[in-house]
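Peer 1: sequence and predicted structure are below.
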Amino acid sequence: MSETPPLVLPTTAEPDQLVVHLPHLDLVTAWLRDNGTPVTKELARDDRLGLALLEVSVADAIEPVLKAMREHFRDTFRGWVPLVGKNRHLTSVVGLGETKPHSAGLPSPASPEASTAQPDDGRGVRVGLADSAIADHPDLVGRFVAERSAVWLPPMLGPTPFRAGHATFVAGLVLRQAPAAELHVVDALSADKGEATVWRLATKLMDLAEKNLDVINLSVGCHTEDDQAPLVLRRTIELLSPRVLVIASAGNHGAPAPGQPKAMARPTWPAALPDVVAVGATDGAAEADYSPMAPWVTCTAAGTAVSTYLDASVLLIDQLSVPASEGDVKAFEGYATWRGTSFSAAAVTGAIAAATKPGRVSARDALARLLSEPGGVVSKYVLPS
């Protein structure tokens, strides 16, 4: 097994924002006002989520304010505290940043691979993809539904950041297995860096939920300082899970330090939430070294794949502020090979879509069937003893 350095998701958040459960809004805003950190403005409110996003006047960071607030309410109300949390960043494991898709390395140019699926696989199935903007790739034209803002446009100047092809790659993997599925794409993540806050992701997911979907693919995630689920993601999944099957990448932070055995991985959110199908990755017949070892992982699939990508000159360095050298830019011609749990999750989503038969076999039933079939695309995850 090759040595791969641990890839850790950041735990950052917007420094002056809080997310509050609407029934608790007056209580929270009154405490903030009385303690010298008044609400500057209500940035957004989403009645579907039952949450409001507040901008708060803080001198430094929101963490001490949130801690003091929770301690006050816990002492005052015999352990009860209002539902309030940070507007966290989601992030990929490809270097630093705030919210990016999960990937365990850089894409490389590749030649297209033929699909073995039947043309009608996925017929009548609706799949949601919350990711970066998607390219009008020749293999994808007419096969996805997206607002204009969710369709990728090449930059006017300079090469394209490699993350910009993430949604295009994921979409190709889904449609390779379920060619007749109806794919609905929202641009939850920024096109260049793949960044977003949990608020933006949550509201985009609620938009997707209105499409009467069977399954949603989430190849994004974050960690938290206390390893507890962010309020916004927990609330969103609670609302979505009775209506649609949610598939999420488990993260690429499973590799041990050199010379050390593989250790239990910290939870990735939303993958580790109940009712989310958390997908790890395999490399051949074995678990991929970067794939997390954790009891919340549901299943695994191949983490390395060839799929649709950008037809562009692509900047293959993670930090966009670092001056690019000639070797950092590579020409892609619409296809790439890439590895990570982003792509094993997409493989599972595609397999579920292909096995779902509207009105006869639900997405959950399709997953159960796939997990019971040895040697298929999807394998049930077994935590090592």
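Peer 2: Nice, thanks for sending it over.

Peer 1: rest of the way, CA atoms for contacts and neighbours
Peer 2: Will do.

Peer 1: mind listing the helices for the stretch 151-300 of the chain?
Peer 2: Remark: helices assigned in the stretch 151-300 of the chain by DSSP state H, counting those that start in this stretch are 166-177, 198-209, 231-240.

Peer 1: for the residue nearest to Val361 when sequence neighbours are not counted, which residues are in contact?
Peer 2: Spatial nearest neighbour of Val361, excluding adjacent residues (Cα to Cα, 6 or more residues apart in numbering): Ala355 at 7.7 Å. Neighbour list for Ala355: Asp121, Gly122, Val361, Ala363, Ala366, Leu367 [criterion: Cα atoms under 8 Å, 6 or more residues apart in numbering].

Peer 1: report how many residues lie close to the fifth one.
Peer 2: Taking other Cα atoms under 10 Å as the neighbour definition, Ala366 ends up with a count of 17.

Peer 1: am I right that it is in contact with Thr356?
Peer 2: Yes - contact between Ala366 and Thr356 holds when scored by Cα atoms under 8 Å: they sit 5.4 Å apart.

Peer 1: just the CA trace of stretch 113-125, in CSV.
Peer 2: Taking C-alpha atoms only, stretch 113-125 is exported to CSV below (Å, rounded to 0.1, in the frame of the first residue of the first chain):
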residue,chain,number,x,y,z
GLU,A,113,-14.2,4.7,-21.5
ALA,A,114,-17.2,3.0,-23.0
SER,A,115,-20.3,2.4,-20.7
THR,A,116,-21.6,-1.2,-20.2
ALA,A,117,-25.0,0.1,-19.1
GLN,A,118,-28.2,-0.5,-21.0
PRO,A,119,-29.7,2.6,-22.7
ASP,A,120,-32.9,2.4,-20.5
ASP,A,121,-31.1,2.0,-17.2
GLY,A,122,-32.3,4.7,-14.9
ARG,A,123,-35.4,5.5,-16.9
GLY,A,124,-37.9,7.6,-14.9
VAL,A,125,-35.4,8.1,-12.0
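
Peer 1: in that stretch, which residues are buried?
Peer 2: Ala117, Asp121, Gly122, Arg123, Gly124, Val125 (16 or more other Cα atoms under 10 Å).

Peer 1: and of those, the nearest to Glu71?
Peer 2: If you rank the buried residues of stretch 113-125 by distance to Glu71 using Cα to Cα, Val125 comes first, at 47.3 Å.

Peer 1: for the helix or strand of the chain with the lowest mean pLDDT, what is the distance to the chain centroid?
Peer 2: When the helices and strands of the chain are scored by mean pLDDT, DSSP states H and E, strand 160-161 comes last with a mean of 90. Offset of strand 160-161 from its chain centre (Cα atoms, centre = their mean, to the nearest Å): 20 Å.

Peer 1: what does it rub up against?
Peer 2: By Cα under 8 Å, 6+ apart, strand 160-161 touches Pro154, Asp192, Lys193, Ala312, Ser313, Val314, Leu315, Leu316, Ile317, Leu320.

Peer 1: just stretch 52-66 next, same as before
Peer 2: Identification of contacts with stretch 52-66 by Cα under 8 Å, 6+ apart yields 15-22, 25, 37-46, 85-87, 199.

Peer 1: try stretch 269-284
Peer 2: Here stretch 269-284 has contacts from 221-223, 229-230, 233-234, 237, 241, 245-251, 287-288, 290-292, 296-304, 340-341, 344-345, 348, using Cα under 8 Å, 6+ apart.

Peer 1: okay, and which of those residues map to strands?
Peer 2: Among the contacts of stretch 269-284, the members found in strands (DSSP state E) are Leu245, Val246, Ile247, Ala248, Ser249, Glu287, Cys299, Thr300, Ala301, Ala302, Thr304.

Peer 1: the third one reaches Leu218, doesn't it?
Peer 2: Yes - taking Cα under 8 Å as the contact criterion, Ile247 and Leu218 are neighbours in contact, 5.9 Å apart.

Peer 1: turn the buried residues of stretch 113-125 into TSV, columns for distance to Val170.
Peer 2: Listed next are the buried residues of stretch 113-125 as TSV, based on distance: Cα to Cα, whole Å:
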residue	distance to Val170
Ala117	17
Asp121	17
Gly122	16
Arg123	19
Gly124	20
Val125	17
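
Peer 1: now the buried members of the contacts of strand 160-161.
Peer 2: Pro154, Asp192, Lys193, Ala312, Ser313, Val314, Leu315, Leu316, Ile317.

Peer 1: with distance to Leu53 and pLDDT added, can I get the residues you listed in TSV?
Peer 2: Listed next are the buried ones among the contacts of strand 160-161 as TSV, based on distance: Cα to Cα, whole Å; pLDDT from 0 to 100:
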residue	distance to Leu53	pLDDT
Pro154	32	87
Asp192	25	75
Lys193	23	77
Ala312	37	94
Ser313	38	93
Val314	36	92
Leu315	35	88
Leu316	35	86
Ile317	34	78
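
Peer 1: out of the helices of the stretch 151-300 of the chain, deepest packed?
Peer 2: The highest average neighbour count among those, using mean count of other Cα atoms under 10 Å, belongs to helix 166-177 at a mean of 28.

Peer 1: export that helix as PDB, just CAs?
Peer 2: Taking Å, rounded to 0.1, in the frame of the first residue of the first chain, the C-alpha atoms of helix 166-177 are listed here in PDB:
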ATOM      1  CA  HIS A 166     -15.600  18.300 -10.400                       C
ATOM      2  CA  ALA A 167     -19.400  18.400 -11.100                       C
ATOM      3  CA  THR A 168     -18.800  17.400 -14.700                       C
ATOM      4  CA  PHE A 169     -16.700  14.400 -13.600                       C
ATOM      5  CA  VAL A 170     -19.300  13.300 -11.000                       C
ATOM      6  CA  ALA A 171     -22.200  13.700 -13.500                       C
ATOM      7  CA  GLY A 172     -20.400  11.600 -16.100                       C
ATOM      8  CA  LEU A 173     -20.000   8.800 -13.500                       C
ATOM      9  CA  VAL A 174     -23.700   8.800 -12.500                       C
ATOM     10  CA  LEU A 175     -24.900   8.900 -16.100                       C
ATOM     11  CA  ARG A 176     -22.500   6.200 -17.200                       C
ATOM     12  CA  GLN A 177     -24.400   3.700 -15.100                       C
END
